[in-house]
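Undergrad: Show me the folded form of this:
(chains A, B and C)
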Amino acid sequence: MNKNNIGYACINMELASQSPKIYTGRSMIKKTFTSKGIKYASKLGLENTKDLFKILQWNKKTGFKFFRITSNLFPWCSEYDLEEMPDYNEISSLLSQMGQFVDKNNIRVTFHPGPFNVLTSKNEKVVENCINDLSIHAKIFDLMNLKPSTYNKINIHIGGVYGDKASALKRFCVNFKKLPNSVQKRLTVENDDKSSMYSVEDLYFGVYKIINIPIVFDYHHHKFCNGGMTEKSALELAVSTWGDVTPVVHYSESRNLEKNDNKIKPQAHSDYVYQFIDTYGYKVDIMIEAKAKEKAVNKYKSIYNL
DNA sequence: ATAGGTCAAGCGAGG
DNA sequence: CCTCGCTTGACCTAT
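TA: I've put the predicted structure just below:
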């Protein structure tokens, strides 16, 4: 049996509960950004960056080799260039040190930008915003000196269907070519959690076969949008798209089952995960998407003696 | 110090 | 037409 790395996303519950908290989620609402501007954004960004380093160090100490970095490191960064931040020198220096740190300690870090990144959009402005946001993510990895590869992936969903999946997939592939190389070399796509949207098979033929970028297999989403494939065959198809890079898969479970509350949407994530994750013998890196974050991973490992 | 209302962006499902 | 869910609950103001 292969040993798979298991990771968590963005927030460390233990460190976030400490006083003073170690936390990368400092942000602000529009009104505050309008009044306080980039100077305050930079201040929050610097604090977030410092705390990211502490989380990575905690990961090393506790043996976590796989971690998703929050997309909220720099509040409102779509509205300015990172270089414009008053604290840019200190921030870029920290990012560079973190890059060395994860490289030396074999910690895989990834990004998962928000659902507002819609490369399929017919609205030019939406596509522009998407290119900008993805480019900032790539810029952060560049500042960490992480070489452009899907090992440090930037993962997104396809976006809208607009009643015509085939033409939407085509637009995705056309707009992909507008992305800078720093993004193209890192971009991956993930299967959706609605039956009308993109299954692994849709991504394989509509994206991978055209522009050759890997597919992140999400177990939970597959349950709502399987495209007629079994879990095993969908996983295998996704794994086959990764080349020499260890594939990433996402795993989560339904909150409504955990809480025994059918008012909660079945797509919503549970605090912890309970079922054994079958990787069908493949060596993959498993990103656990559970609200209890690293605590969910630890509980899972203890249940199955991993 | 805490509670409650509010909060950038896109999309689709469900009430 | 509004709310939820997703990358991720946090921010802000009034009490």
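Undergrad: Which other helices and strands does the host helix or strand of A:Trp58 contact?
TA: Taking DSSP states H and E as the criterion, A:Trp58 maps to helix A:30-62. Contacts defined by 3 or more CB pairs under 8 Å, 6 or more residues apart in numbering; DSSP states H and E place helix A:30-62 against helix A:13-16, strand A:66-69, helix A:88-104. For glycine as for every other residue, the C-beta is placed from the backbone atoms N, C-alpha and C.
Undergrad: if I look at A:Gln188, how far off is DNA strand C?
TA: For residue A:188 the amino acid is Thr, not Gln. Here A:Thr188 is placed at a distance of 12 Å from DNA strand C (CB to the nearest atom of the strand, to the nearest Å).
Undergrad: what bridges to that residue?
TA: A:Asn155 (DSSP bridges).
Undergrad: if I pick A:Asp218, what's in contact with it?
TA: A:Glu190, A:Asn191, A:Asp193, A:Val249, A:His250, A:Tyr251, A:Ser252 (CB atoms under 8 Å, 6 or more residues apart in numbering).
Undergrad: about what we covered before: tell me the angle of the helix holding A:Trp58 relative to helix A:88-104?
TA: Relative orientation of helix A:30-62 versus helix A:88-104 (axes from the mean of the first three to the mean of the last three CA atoms, to 10 degrees): 30 degrees.
Undergrad: Alpha carbons of stretch A:181-192, in CSV - could you do that?
TA: Provided in CSV are the C-alpha atoms of stretch A:181-192 (Å, rounded to 0.1, in the frame of the first residue of the first chain):
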residue,chain,number,x,y,z
ASN,A,181,3.1,31.1,-18.7
SER,A,182,3.5,31.4,-15.0
VAL,A,183,-0.1,30.4,-14.7
GLN,A,184,-0.4,28.0,-17.6
LYS,A,185,2.3,25.8,-16.3
ARG,A,186,0.6,25.6,-12.9
LEU,A,187,-3.1,25.5,-13.7
THR,A,188,-5.3,22.5,-13.0
VAL,A,189,-9.1,21.9,-13.2
GLU,A,190,-11.4,20.2,-10.7
ASN,A,191,-14.7,18.3,-11.3
ASP,A,192,-17.9,20.1,-10.1
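Undergrad: May I see the buried residues of it?
TA: Neighbour counts over stretch A:181-192 (16 or more other CB atoms under 10 Å) mark A:Ser182, A:Val183, A:Gln184, A:Lys185, A:Arg186, A:Leu187, A:Thr188, A:Val189, A:Glu190, A:Asn191, A:Asp192 as buried.
Undergrad: residues from the stretch 201-306 of chain A in reach of DNA strand C?
TA: Proximity of the stretch 201-306 of chain A to DNA strand C, by CB under 7 Å from any atom of the strand, involves residues A:Asp218, A:His250, A:Arg255, A:Ile264, A:Lys265, A:Gln267, A:Ala268, A:His269, A:Glu289, A:Lys291.
Undergrad: Buried ones among these?
TA: Buried among these by 16+ other CB under 10 Å: A:Asp218, A:His250, A:Arg255, A:Gln267, A:Ala268, A:His269, A:Glu289, A:Lys291.
Undergrad: Strands - which of these land there?
TA: Mapping these onto strands (DSSP state E) picks out A:Asp218, A:His250.
Undergrad: Specify which member of the buried ones among the residues of the stretch 201-306 of chain A next to DNA strand C is nearest to A:Leu237.
TA: A:Asp218 (13.1 Å; CB to CB).
Undergrad: residue contacts, the nearest residue to that closest one once chain neighbours are set aside?
TA: Nearest residue to A:Asp218, sequence neighbours excluded (CB to CB, 6 or more residues apart in numbering): A:His250, at 4.0 Å. A:His250 sits next to A:Glu190, A:Val216, A:Phe217, A:Asp218, A:Tyr219, A:His220, A:His221, A:Ile286, A:Met287, A:Glu289 when contact means CB under 8 Å, 6+ apart.
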